[in-house]
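**Student:** okay, predicted coordinates and the sequence, questions at the end:
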Amino acid sequence: MYMSIANQRNFAPCCRKPAVREANSCGEPTPAMAPSLRRRFLSALAWVIPSVTFVLMPKCPACLAVYIAAATGVGISFTTASYVRTAAIVVCLAVILTDLLVHFGRLCSQIVKSWDG
């Protein structure tokens, strides 16, 4: 028997509507909203790498020059080590601040969503 095109349905996974991700009545994420293990790991790594680099950064540029020479076999001047140290500190602090602002923005958006009902 002939079926009209209007009556045919496509049940392929690519044509289904995505699941609606909502919080339950307490505002807690449903299992569909919970971040995956990979995402949580990458999020933690985004905090750990710049923090550890910042904490382990030597205070004097001469020590940094020695560490670079020991690790790579390439000697750098005291002035270059000073610039590299300053740049590394600025980059680490910028990454940490960016991650902090992103986390704070997500937290604020969750609070606003909970107020909206």
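**Tutor:** Ah, there it is.

**Student:** low-confidence ranges in this protein?
**Tutor:** Applying pLDDT under 70 to the chain flags residues 1-34, 117.

**Student:** residues contacting the residue nearest to the spatial centre of it?
**Tutor:** Among the residues of the chain, the one closest to the centroid is residue 43, at 4.2 Å (CA atoms, centre = their mean). Residue 43 sits next to residue 35 when contact means CB atoms under 8 Å, 6 or more residues apart in numbering. Glycine gets a C-beta too; all of them are placed from N, C-alpha and C.

**Student:** separation between it and residue 76?
**Tutor:** 34 Å (CB to CB, to the nearest Å).

**Student:** surely residue 69 touches residue 80?
**Tutor:** No. Using CB atoms under 8 Å, residue 69 is not in contact with residue 80, being 11.5 Å away.

**Student:** rewinding a little: which SS state does the residue nearest to the centre of the chain fall under?
**Tutor:** Judged by DSSP: H, G, I helix; E, B strand; the rest coil, the three-state class of residue 43 is helix.

**Student:** show me what the helix or strand where residue 64 lies packs onto, helices and strands only.
**Tutor:** Element membership for residue 64 (DSSP states H and E) is helix 61-72. If contacts are counted by 3 or more CB pairs under 8 Å, 6 or more residues apart in numbering; DSSP states H and E, helix 61-72 sits against helix 78-116.
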